[in-house]
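A.B. asks: dropping the sequence and predicted coords here.
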Amino acid sequence: MRADISFSDIFRGPASIFGGIEYQTPWNPLRLKLEYDGNNYQNDFAGKLPQASHFNVGAVYRAASWADLNLSYERGNTLMFGFTLRTNFNDLRPALRDTPKPAYQPAPESEGLQYTTVANQLTALKYNAGFDAPEIQLRDKTLYMSGQQYKYRDSREAVDRANRILVNNLPQGVEKISVTQKREHMAMVDYRNRRSQPAQTAGRYSAWSIRATATTTC
């Protein structure tokens, strides 16, 4: 494969003058244009084009902040119509359709881990909090949950959701909740959540602080 670059042909050949003026009318949506086109249209790729005048006239109407309508008379023999659409992609934001955050509604504490409750919690941890392959364990007075968080850029959102899911259905005697984020089965960050008050509220519901403290695991 071969390619040749001919610098001797750069800026060579017949040239012509092109220029124009634009007038903003007192009516703000309307602008008028006048152009002089020195091209004779005898050597275009489309072939020789008939030309009755070197002057082009046109009007631009601002139909909306994002659309212009154009009407022009070109080469003295051609009526043209067009439109221009504009936007700023920097202003566009993807529509995030997320599941609602679980409400803080602690249920009466059960004796030990209940199979049905844990199954529902694991499902919610995956699809609501965004933890892949979540695991729940109860040791002494601490409820441990671990998994790989994939859903939220801000990990605090995932941890907050996980805390709510766990707090709403706790076994009796739990004093701490540990939420551990993993990567490739390795613990990376551990979030601890404690009871905010030792006393019970509403007779059977334990008061918890949803705020968590984080510890990085090395």
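C.D. replies: Looks like it came in fine. Residues are numbered from 1 along each chain as shown.
A.B. asks: what score does the spatially most central residue of the chain have for pLDDT?
C.D. replies: With distances taken as Cα atoms, centre = their mean, P94 lies nearest the centre of the chain, 4.0 Å away. Looking at P94, its pLDDT reads 77.
A.B. asks: now do the buried residues in stretch 150-164.
C.D. replies: Residues K151, S155, E157, A158, V159, D160, R161, A162, N163, R164 are the ones in stretch 150-164 that count as buried (16 or more other Cβ atoms under 10 Å). Placement of C-beta: from N, CA and C, glycine included.
A.B. asks: ok, these vs M186, which is closest?
C.D. replies: Relative to M186, the closest of those is S155; by Cβ to Cβ it sits at 15.6 Å.
A.B. asks: OK, contacts around the closest one?
C.D. replies: Q149, Q181, V189 (Cβ atoms under 8 Å, 6 or more residues apart in numbering).
A.B. asks: return the residue of this structure that is most distant from the centre.
C.D. replies: Outermost residue of the chain (Cα atoms, centre = their mean): A52, 52.3 Å.
A.B. asks: which SS state does it fall under?
C.D. replies: coil (DSSP: H, G, I helix; E, B strand; the rest coil).
A.B. asks: thinking it is in contact with T78, fair?
C.D. replies: No. The criterion here is Cβ atoms under 8 Å, and A52 misses it with T78 at 9.2 Å.
A.B. asks: confidence-wise, which of the contacts of S155 comes last?
C.D. replies: Among the contacts of S155, pLDDT bottoms out at V189, giving 85.
A.B. asks: so which strand or helix has the residue nearest to it when sequence neighbours are not counted?
C.D. replies: Closest residue to V189 apart from its sequence neighbours, by Cβ to Cβ, 6 or more residues apart in numbering: Q181 at 4.7 Å. Element membership for Q181 (DSSP states H and E) is strand 176-183.
A.B. asks: likewise P26?
C.D. replies: According to DSSP H and E, P26 maps onto no helix or strand at all.
A.B. asks: how much space separates it from L32?
C.D. replies: 11 Å (Cβ to Cβ, to the nearest Å).
A.B. asks: residue ranges of the strands in this protein, please?
C.D. replies: 18-24, 30-37, 55-64, 67-74, 78-85, 131-139, 142-149, 176-183, 186-201, 205-208, 213-216 (DSSP state E).
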